[in-house]
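**Student:** Can you look at this prediction? I've put the sequence above it.
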Amino acid sequence: MSNSPSTPSRRKLISAAAVSAALLTAATAQVAVAQDTATREAAVPTAQAEAAPGTPAERLIVGYKSGAAEARSNKAAADDAETKGKGAGENVDFQRRLGTGAALVGLGENLSRKAVAGVVAEYEADPQVAYVVPDRLNKPLATPNDTEYAKQWDLSEATAGMRVPGAWDVATGTGVTVAVIDTGYVTHSDLAANIVGGYDFISDAGVAVDGNGRDSDPADPGDWYNANECGPGIPASDSSWHGTHVAGTIAAVTNNNKGVAGIAYNAKISPVRVLGKCGGYDSDIIDAITWASGGTVSGVPANTDVAKVINMSLGGGGACSTATQNAINAAVNRGTTVVVAAGNANQDAANSSPANCNNVVTVAATNRAGSRAFYSNYGSAVDIAAPGGETRTTTSNGILSTLNSGTRTPATENYSYYQGTSMAAPHIAGLAALAKSANFALTPAQIESAIKSNARPLPGTCSGGCGAGLADAAKTVQAVKGGASTGTTFSSTAAVAIPDDGPAVESPVTVSGRSGNAPSALQVGVDITHTYRGDLVIDLVAPDGSAYRLKSASWDSADNVNTTYTVNASGESANGTWKLRVQDTAAQDTGTLNGWKLTF
């Protein structure tokens, strides 16, 4: 089967929060002196114990009534803080007087919301206290400074956008590689910083155009063709630079004062070339899926940038072949989410492959009104809908992304509006990267479920079925963040083979720019593919060589190693080279450390 970019026509298909600064209202009613701590805590609204949703406050702002000694004297306020702390069984200390006269008191780190509530209740019960509120965490509400961002309705418009800015406060794609299995990559300064190693899998020199077969250079030489060259009656077409447009939607460099913003703008893109002149073959695509997800392809070097998300904005007619399905299943089993375009024939997606394969996230396209785009496939095979745009009336109603001005071979970089399910799919691939970045332990099934269960109804209409609805990035990422920290993250995505019953292997991550020691709740996210995970022993090695055991051998094949571990590393200097050490302790099983990260 020959596959082509999932566009309405060869050229034109692709032609194109953050936490609120407002403080929650503090309770005004005085809480009567409680008989016990549990009663006091129950009387305190949850919001008064939080610095941000789900995050216990570390400081409180206390306002005393006029005439109270604590309102006039720092010593009196300090003594009162100590008394209130003793009453709640916590350490409370006066820090300073605010310009309004209120007292700022500290609660220490790592207190539970319940413990904070106990301190709040002590203050609330004091008739000399006018109010007590958390020193809430505020964050900037700025939009990206990319010069074309205002034209990206698909990311932020309230009606039919995917509500991406609301997700950026939680995750930006850090630590995740997305493989774009497509036409390759043509150099673009708004993408270059996020490009990592890829591969050219086109084995047919006639399709490849670049003068050779498979090689390590995924550069897109252009996929133009003459009239009738790709079949009788098929008109000529200029080069599409399709893969570069797709990649920009996923991870264009953001906040760089130029161009467009990417959905997962701190993720990396691995360009994997399978489409050339007139399309590409299943056999090449199957090998690309295998390699991108960390599998072995004969004659091709091991992938050092294993992708946790694959985007395939391509398709052909017919049923999903067993060969393609097997490759997809294997990729998912390695922990890679596979996102595909539904197709652009305005027909049931059951007739388009790989949209009709199992274990993929199939994406239909919507227009700026939030209705199914006129060209988009539909039906029960569709899992979710995302903006794909429509340019037949207004070009700006398409999807703006990175491109090139060359009609045949590469020329100057530019930006252009395209439309198609080819454009919708990378919106979901970007969202999958955000979800994975927010919670490294998520499996492909969990990511798909989160995207679908947090979708919202289409603002417009969809005849034939558009899956769970229009994807909502902010709601999805908030739902999966779990215990993930929004602190500074340092990561490695370099794949390291784990030898069978052999010596331990180590993967380094260098931390810099931190002050003092590591936190007492250092987050260690681990991503490992292994055929018998119970055999593995995993340690975090600090810069001074101290080892912290994350996992011992358990002899349980279902042992979950792909999770976020918490380590008390407060005795270690934060800066320096940290290592993740992994050892297989029994014979007959192999695997790969795909990547890991430290979040401070």
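**Tutor:** Right, received. Where do you want to start? The shown structure was predicted, so the numbers you read here are calculated from the model rather than taken from an experiment. Numbers count the residues shown, from 1 in each chain.

**Student:** ok, which stretches of the stretch 101-250 of the chain are strands?
**Tutor:** Shown for the stretch 101-250 of the chain, the strands assigned by DSSP state E, counting those that start in this stretch span residues 103-106, 129-134, 177-182, 199-200.

**Student:** What strands flank the first one, and is each parallel or antiparallel?
**Tutor:** What it means is strand 103-106. As defined by DSSP bridges, the strand partners of strand 103-106 come to strand 59-64 (antiparallel), strand 93-97 (antiparallel).

**Student:** just the angle between the first one and strand 129-134, please?
**Tutor:** Relative orientation of strand 59-64 and strand 129-134, computed by axes from the mean of the first three to the mean of the last three CA atoms, to 10 degrees: 170 degrees.

**Student:** now what about strand 59-64, what contacts it?
**Tutor:** Contacts of strand 59-64 from elsewhere in the structure, counted by CB atoms under 8 Å, 6 or more residues apart in numbering, are 51, 70-71, 77, 81, 95, 98, 100-107, 116, 119-120, 123, 128-135. To be clear about C-beta, it is placed using only N, CA and C from the backbone, and glycine gets the same treatment.

**Student:** what do you get for stretch 532-541?
**Tutor:** So stretch 532-541 is in contact with 498, 501, 504, 506, 524, 526, 528, 530, 547-561, 565, 567, 569, 578-586, 588-589, 591, going by CB under 8 Å, 6+ apart.

**Student:** Quick one: closest of the strands of the stretch 101-250 of the chain to residue 361.
**Tutor:** Closest to residue 361 of the strands of the stretch 101-250 of the chain, according to CB to CB: strand 177-182, at 12.9 Å.

**Student:** so where is the stretch 51-200 of the chain shaky, pLDDT-wise?
**Tutor:** For the stretch 51-200 of the chain, the stretches with pLDDT under 70 are 51-55, 109-110, 137-142.

**Student:** Give me the pLDDT value at the spatially closest residue to residue 185 that is not a sequence neighbour.
**Tutor:** Residue nearest to residue 185 in three dimensions, not counting chain neighbours: residue 271, with 3.7 Å by CB to CB, 6 or more residues apart in numbering. As predicted, residue 271 sits at a pLDDT of 98.

**Student:** I'd say residue 271 and residue 246 touch.
**Tutor:** No. The criterion here is CB atoms under 8 Å, and residue 271 misses it with residue 246 at 9.5 Å.

**Student:** So these two - more neighbours on which side?
**Tutor:** Ranked by neighbour count (other CB atoms under 10 Å), residue 271 and residue 246 place residue 246 first, with 35 against 27.

**Student:** so the residue nearest to the more buried one when sequence neighbours are not counted is in which element?
**Tutor:** Spatial nearest neighbour of residue 246, chain neighbours left out: residue 426 (4.7 Å); criterion: CB to CB, 6+ apart. Secondary structure assignment for residue 426, by DSSP states H and E: helix 421-438.

**Student:** Tell me the first helix or strand C-terminal of that helix.
**Tutor:** With elements assigned by DSSP H and E, the helix or strand that comes after helix 421-438 is helix 444-453.

**Student:** packing partners for the following helix or strand past that following helix?
**Tutor:** Next helix or strand after helix 444-453 toward the C-terminus (DSSP H and E): helix 473-480. Where contact means 3 or more CB pairs under 8 Å, 6 or more residues apart in numbering; DSSP states H and E, helix 473-480 is packed against helix 421-438, helix 444-453.

**Student:** could you give the mean pLDDT of helix 473-480?
**Tutor:** Mean predicted confidence for helix 473-480 is 93.

**Student:** Spatially nearest residue to residue 129 (excluding sequence neighbours)?
**Tutor:** Nearest to residue 129 is residue 123, by CB to CB, 6+ apart, at 5.0 Å.

**Student:** okay, which residue is most central for the protein?
**Tutor:** residue 434 (1.2 Å; CA atoms, centre = their mean).

**Student:** measure it to residue 300 for me?
**Tutor:** According to CB to CB, to the nearest Å, residue 434 stands 29 Å off from residue 300.

**Student:** Give me the neighbour count for the nearest residue to the residue nearest to the centre of the chain once chain neighbours are set aside.
**Tutor:** Residue nearest to residue 434 in three dimensions, not counting chain neighbours: residue 171, with 4.7 Å by CB to CB, 6+ apart. Using other CB under 10 Å, residue 171 has 28 other residues around it.

**Student:** ok, back up a step: filter the contacts of stretch 532-541 down to just the ones in strands.
**Tutor:** 498, 506, 524, 526, 528, 530, 547-551, 565, 567, 578-584, 591 (DSSP state E).

**Student:** Could you identify the buried members of those?
**Tutor:** Among the ones in strands among the contacts of stretch 532-541, the ones that count as buried by 16 or more other CB atoms under 10 Å are 498, 524, 526, 528, 530, 548, 550-551, 565, 567, 578-584, 591.
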